[in-house]
Each structure stands twice: as structure tokens, then as C-alpha cells.
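Visitor: model the following, please.
(chains A and B)
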Amino acid sequence: MVNLDTLILLTALLVSFVAAPLIFLIPEEQRTLRTLVNMVAAVVKLSLVMFMVWGVANGRDFALSFTVMETVSFRLRADALGLMFAGLSSLLWFCTTIYAVGYLEKSPNRKRFFGFFSLCVGSTLGIALSANLFTFLLFYELLTLSTYPLIVHRGTPQALKAGAIYLRYTLGGGVVLLVGMVSLQVLAGDVVFGEGQLDQMDAEHTPALIVTFALLVGGLGVKAALVPLHGWLPQAMVAPAPVSALLHAVAVVKAGAFGIVRVIYDVYGLGFAQQIGVLAGLAIIASFTIIYGSLRAMAQSDIKRLLAYSTVSQVSYIVLGIALFGPMGTIAAMSHLLHQGLMKSTLFFCAGNYAQELDIHRIEELDGVGWRMPVTSLAFTIGALGMIGIPPVAGFISKWYLGMAALESGMTWVIVVLMLSTILNAAYFLPVIYRLWFKPAPHDELDRWPEARLAGGLETSYWLMGPAIATAVFSLLAGMLAGVPFSPLQWATLIVNQEYVP
Amino acid sequence: MITLPESGLSWLLLGMTAIVCLASGVYGVKYLQVEQVEASRARWWLPLLTVLAIGLALVWLFDHLVPIYLALDTAGLSAVLLMRLAGTDAAREASRRYLIFTLSASSLLLVGMLLLYLEHATLALSELDGNELTTRGGVALGLMLSGLLLKAAAFPLHGWMPPAHGSAWTPVSAIHSTLVLKASLYVAVQLWLVLGAGAWHAAQLIGALGMLSIVWGSVMAWQQEDLKRVVAFSTVAQMGYLLLFFPLSTGTGETVTRLAWESTWLLALNHALAKAAMFMAAGNLVLGMGRDDLKGLSGVSTRLPLPLLTLGLAGVSIMGMPPSGGFVAKWLLLHAVFISGQWQWGVALVLGTLLSAAYMFRLFRHCFVDDQESKSRYQSPPLTLDLIALGLALSALFLGLLADWPLSLLRMEGPW
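Guide: Model prediction:
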């Protein structure tokens, strides 16, 4: 049973679960050793995932399963869709780890932070590689548990409050999800992803399947921040910047969205979900979330809260794409899963840099900052333009395909939603960019800003700047090189072709 | 007289008893050294523990109510003595109350047994099996079950338990909450399986008591200010889940009974490992902090990380979060609920999960507050104590992934 491929799959998953206890054991002061363990784990994981991407493209099968209950197994399998998410999480983990090392320099409790950080990424990879709902739920709940300590990391009353709200939402969602999964188990047995035969079932089960779908999506929608289940996300902004980047770009929010994609795509089957009419409902919820998130984002004055509401809105593009029922929509959804991750982590890294370097937290304080921190601000500009959907940044590709999908499926009202949301995106991101570059900095601010601290005249430390540059470049490349093999778009097309071309 | 059990359950419970007693025994020896308990009391620890373990083993093995009764009371009385050994006024008072409760429960049990003997002329479980439940038999069953539920600290008869667990030596609380309470429950289940088949209403009543135990125990745990009392009240809630076996196995058909059976004993095993770990971790924290209120936890994440980690891991299992055995057990229980259509127990399960998260995280919350003053005084307890607790916590945590092994034992033979 255990062959080399299984071993690779297992190592990729376990490397962060092994790193976590190691980090807990390393004394607080041993910064170099801890960073070393962190980076080695991140590199090993990234290369193994890359190897699996290459392997799956060449027809290798990475899988593992064993029995847990009589009728339920623990199943892992690296399929194309899962690897897409796994690739994103291990790439961004690498960037975020570098960033976090720089960001948390000299702050207390770093050991605890990095330990749970590793657990969090391990859980995300587990979510990506699960091959049935039981395994998925296992890692999904583990993710809830391992992110809580990160959110309350600073231990301030505000952080504790945000943590409590986070738990109320996510644990509630987790229980709903559990009920939905057991209900599906009763109806259809242990559904292995991609092998669901729900469309073969008697019509009398349809109402039960619809209710089950609502339970599953309701439970997953909490993490995916579908309105009205999004309340925890803006609160969770009190966490340190690397946590926000990870939460928004990969771990929590994406786990929810990815779960919804799995349920529709690999459990119910796109065709069957359309047939029982649940996709139309989901499209409406997603559209509402897109508009609502953007409207709320416009009203924010705190940078991180603006980004949080923007996430609420952007993640629903993924849900909307799937709900549009068609190859184009699915391509849009899956590539946006990656695109949004790259762009949003760029934005959070930059927001963290502003806070760290210049103690800037509010939008109106950003006047003229572009000339003080040009590289960071350039990265921020790229991310923001991508969010609006301006070519050649990756966000444009997602919106383009979404629009095509809407035309293809005849749901023209979605075009209106997309246009409206683009206008709103522009309305809250362009003023920020304008402030950065075109407004003069007030004089007292110039006195307040510390001089560049490194001898080379760099605007901030390498650790903070590098990841922001990297993710910004990736967002650009994902857009410009969308036609190249292994780009997010091409990989998404590969997944979709597997489904639509039997 | 003694028949070696064919049921995998007896073997599972024997194994569980061996693990918990061994861990607590070693833990206790070290614990008594650290606490500097004088020899006149400390020397009773191992002999009494041995008597208790023998009593428990006999409960799992016997097939006749008389030796079961004797074994149960042997275990119970040695537990009373063990609780007294702590020597404080609170412990003396709590053990006195426990003695009164357990003796009244025993007399209920005895009267019930007498009535049952008059009715069926036997007290061997295998011979009682299959008899029609008569009025007198019903009264007998009712009396015996009330006695056993009283011993198992089911709502509303749980009042004696939290003070006892809060004041006893840590290893004593660990053993008592994980094993002694379950022995009474085990006997109640055995009785039910041979006599209770037709008593649907009684089963629903016991289920309702279980539900109330879950809710009440969790709410009380949520309100406590002392670490060990939080853990003690959480036991009330956990025992409530086990009572859901009664309604789910009565008149529900083979599949549901099978699922309920597997889930109940898996949950019991999970609870035994996790709760023992939790009591020990809490005890280690109290040793390290020199105080036992929740506010003291504010400095522990830097000063006492290992016991805190253990407490956290055990908490994951108690909440029934993955990958613990509790998670798999809840999945099975929910499965049984779905098929049986008795939704009320599903509600109990969902409520219980959320409430347990509420009281566990209320506790963890304190650990993230940095309180500079208090933590300078904290000192780590000996590593042995930490490692024993950690080992138990880890085995509960990974029980979910390895659940096939205990579950296949449980499938060997059961009430179907």
C-alpha cells in the first residue's frame, strides 16, 4: 500500500504538523533556529507540492486511505483541483513565513505564533488533499482550532473579543457542516470526491438532498464569509498582518470557498446541482455578497477593514463562477481562487508594512506615502488594480471569464452585478491609490516618519519587502502569462476539461 | 461462576482500566512526593488503588448481579477512602457526602435485586435475558437504574460529584471521573439490555436526563471559577452523552442500536483518556501556579507551556473536535439519530458540542492575556507528571484516526 507516491503525499501533509511541535520545543530566544525550521518546512512542502503538480499532470496518482468507521474512511488524494489549492497555500505560506519573521521581530510569544501558524497551514493542506467529506471536515475543524490562537495572539481585550466572535461563527458553522455531512452519509454513503453518484438516486430523495446541500453550504459559507455569515471577518482584523494575509488569501476564507467548490463539483456534481435548482439560489446569494461587501468596503476608514470587506466581496466571485454552471464559469471560479489569494496577500503585506514602518492604519493617513515607501506602494497599487480588474493583473482574467460565463449561461443580470461591483471596487481602491501617489504628505507627517532605517536606504526591512514584491509579481505574471502551461488559468482549464470532456 | 467475556466491550474496558490505573498510579506516586504528603496518608495510595482496580475489573467481567454489586461497591468504597486521603476539610466533607449518596444508591440497588430475584428466581444476566418485563420486574428495574444513575452522577442526582472531584487528589479525581462513574453506567446498560427492551418511555426518560446532564453540566462548567471544578462539571455533561444510548437502542432496530453501541463506548473510551489527561494537566497547572482559579492562567503560556498544551489537546477531545475519538463517536451518534428519526438527541448533541466549546475556550481565553506580575512566581511541575498527562491526551486525540481498532472490537458482539 505504501509506495513512494503515497509517501510524498504524506510528507507534504505532515511536514507542517511535524514542524509545529518542533517550534514549540525551541526556546523563545532562539530566533535563528526557529526561522530555519520554519523555512526548511516551507521549502520542503512547496517542492513536494510542486512535484505532485508535475506528477498529476503526467498521470501519477498520489493517494492514501484507511478505514475509520465501518462505512467511513480517511481518504487523501492529490487531484488537480486539490493541488491547485495546495499549491497556492504552500506558495503563500512560504511568502507569509518570511514576512512574519520580519513582522514579529522583537514581539513576545513568537514561539506560540509560529507553532500555530504551522498547524494552520498543515490543516489547509489537509483540506486541499482530502478525498472525502469526513477527511475534509477533520482538517476544516482543525483549521478553526489552530487559527484561534493566531487571532487572539496579542491578547488585548479587542483581540479576545474578535476571537470569541470568530469561534461563535466558525464552531457554529462547523456543527452545521457536521450535521450536513452525516445527513449525506445517511442518504448516499461515503462519497469519494469525484465519484459521487447522487444523480442516480431516486427522485424521492431530492428534497432531502436539497436540505443537505443547504446545510453543507451554510456550514461552509461561514468561513467563505457569505453574507449574512460574514460578521467574524472584519472583526478578525485585529490579528497581526501576516495572520490577516494568511486568513484572507489562503487559509480560512479559501477553505470555505474551496469546500463549496468541492461540494458542488465533486459531491453533487455540477449537472445534478443545476438540476435540483440549488445553483440559482447560490448565484443570488453570491451576487448579493459581492455588492454588499463592496458597499461596506466603501464606508471604511481603516485600511485593514477595507481590505476585509473587499475579501467578503471577492471570495464570492468564486462561488458565483461555480454557480453560473458552465465551463467558463468554473474556469473563472478556480483561477480566481488563486488570483485573489495572490493579490489579497500582496495588499495585506503592504498594509502591514505601512503599519509597521510608519504606524499608519487609516486611509486618510496615506497621503503622499508613495514617495516615502515606493516599492511597497507600487506593490499595493498592483494588487489594488488587480482587484478592480484592470489588465494585465490577474484579476482581469477572472472577471473576463466570469462575464463570458454569464453570457454563455444566459444570466445577463450577472453582467450588471459584475459591472456594478467593478465600479464599486474602483470607487474604494482608486482614492487610496490617488492618496498614495498624488496627494502631498502633510509637513508634520514628514517629521514624524522615521528615516529609512537600513544603511542602503531601503524603505523597510528585506523580510517585509520581499514577500510583498514576490506576490505582486506573481499577480502580474498570472495575468500576463495566463496562456502558459501551469499558470492558474491553464491549470483551471485542465480541471474543467476533465469534467466536461469525458 | 466467572465466564470469560465473549464481548469485545469487556476487553476494551479492561484495557481502558489498565491504562488509566497505571498512568494514574505512577502519576500519583510522583504527585504525592511533590505535594509533600506525609507518609501516613501517602502509603494508602497504591493499596487502595489496587483494590479499586480489582473491583472495576470484576464489574467488567462478571455476568451475575450479586458479584457485580459487590465489585461495584468495593470500587465505590475504596474511592470514598481515596477522596478522604486528601485530608482537607473540603475533601472530608465531599467524601462524606459521596459516601451517603453511594450507600443510598446501593440500598436502592439491593432492594431492586431482591424484587428481581423474587420475580425471576435468578440474578444471572444471561438467564434474565429474554424474560418478559412484569410489573414487579419493572419496579425492580426502576429502582436499580435509579441507584446506578445516582452513582453515575446523572442529572439531577449529580450534586455530590463536582465538590468531590474538585477537592480530591488529582489522580483520584482522574480515576473516579473516568472509571468509577462508568462502571455504574456499564451495569445500567447491561441491565437494560436484558430487561428494558420494551420500556420505550423509560428509555426516553433516561435520554431526557442525559440531555439535561449535557446542558446543565456544560452551563455549570461555564460558570466555574476554579480550574478543577470546570473539569468536574464537564464530566456531568460527558456522562449525559452516554445516557443517550438508552433511547437510541430501544425499539429502534439493529442498525441504530449498532451505531449507538459503537458510539457510546468509543465516547466512553475517549472520555476516559481525555478526562484523565485533563485532570492531570489541570493538577499540574495548579501545582505550577500555586493557585487554582482561572485568572491565574494568564501567565501560563510562557511559563508552563507543556501542561497548558496538554490541557488544550485534552480539551479538543472533550469538545469532540477532530481528530479525537470524540469526533468519530459524535459522527456515529449523529448517524444513529438520523436513521432513528429521534431528532431531539441530535439537538442535544449540537448544543452539547457548542456549550463544551464555550466552557473550554472560556478557559483558554485566560491563557492569552499577558499578566506580568503573577507569572514570575510560577515554577514547572516535574516532567514525569507532564509527560504522563501528555501521553493520555495524545492517545485520546489520535483515537479518532485509529478508531477502527476499538470499533472492530465493539462489533464482535453486542445487543443485536
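
Visitor: going forward, measure contacts between C-alpha atoms and count neighbours the same way
Guide: Fine.

Visitor: just checking, A:S377 touches A:R435?
Guide: No - if you go by C-alpha atoms under 8 Å, A:S377 and A:R435 don't touch, sitting 10.7 Å apart.

Visitor: mutual contacts of those two, please.
Guide: Both A:S377 and A:R435 are contacted by A:V369, under the criterion C-alpha atoms under 8 Å, 6 or more residues apart in numbering or on different chains.

Visitor: what count of nearby residues applies to B:T74?
Guide: 20 (other C-alpha atoms under 10 Å in any protein chain shown).

Visitor: that one: helix or strand, and which one exactly?
Guide: helix B:65-84 (DSSP states H and E).

Visitor: avg pLDDT for the very next helix or strand once past that helix?
Guide: Sequence order places helix B:89-120 as the next helix or strand after helix B:65-84, per DSSP H and E. Mean pLDDT, helix B:89-120: 94.

Visitor: and the pLDDT at the residue nearest to B:A329 when sequence neighbours are not counted?
Guide: The shortest distance from B:A329 to any non-neighbouring residue, by C-alpha to C-alpha, 6 or more residues apart in numbering or on different chains, is to B:S263 (4.5 Å). With respect to pLDDT, B:S263 has a value of 96.

Visitor: same question for the one 4 residues further on.
Guide: Here the pLDDT value assigned to B:L267 is 97.

Visitor: tell me the contacts of it?
Guide: Neighbouring residues of B:L267 by C-alpha under 8 Å, 6+ apart: B:242, B:325-326, B:329-330.

Visitor: could the residues you listed go into JSON lines alongside neighbour count, secondary structure and pLDDT?
Guide: Compiled in JSON lines, the contacts of B:L267 are given as follows (neighbours: other C-alpha atoms under 10 Å in any protein chain shown; DSSP: H, G, I helix; E, B strand; the rest coil; pLDDT from 0 to 100):
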{"residue": "B:L242", "neighbour count": "26", "secondary structure": "helix", "pLDDT": "96"}
{"residue": "B:G325", "neighbour count": "31", "secondary structure": "helix", "pLDDT": "94"}
{"residue": "B:G326", "neighbour count": "30", "secondary structure": "helix", "pLDDT": "95"}
{"residue": "B:A329", "neighbour count": "28", "secondary structure": "helix", "pLDDT": "96"}
{"residue": "B:K330", "neighbour count": "25", "secondary structure": "helix", "pLDDT": "95"}
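
Visitor: which of those residues sit farthest apart?
Guide: Among the contacts of B:L267, the pair separated by the greatest distance (C-alpha to C-alpha) is B:L242 and B:G325, at 14.0 Å.

Visitor: low-confidence ranges in the stretch 1-150 of chain A?
Guide: Across the stretch 1-150 of chain A, the ranges flagged by pLDDT under 70 are A:1-2.

Visitor: so where do the helices sit in it?
Guide: Under the criterion DSSP state H, counting those that start in this stretch, the stretch 1-150 of chain A contains helices at A:4-25, A:31-57, A:80-103, A:110-129, A:133-151.

Visitor: for B:T235, find the nearest of the ones you listed.
Guide: Of those, nearest to B:T235 by C-alpha to C-alpha is helix A:133-151, at 21.9 Å.

Visitor: following element in sequence after the closest one, please.
Guide: Once the chain leaves helix A:133-151, the next helix or strand it forms, by DSSP H and E, is helix A:157-188.

Visitor: which strands and helices lie in contact with the very next helix or strand once past that next one?
Guide: Downstream of helix A:157-188, the next assigned helix or strand under DSSP H and E is helix A:206-223. Counting contacts by 3 or more C-alpha pairs under 8 Å, 6 or more residues apart in numbering or on different chains; DSSP states H and E, helix A:206-223 packs against helix A:157-188, helix A:252-262.

Visitor: cheers, nothing more for now.
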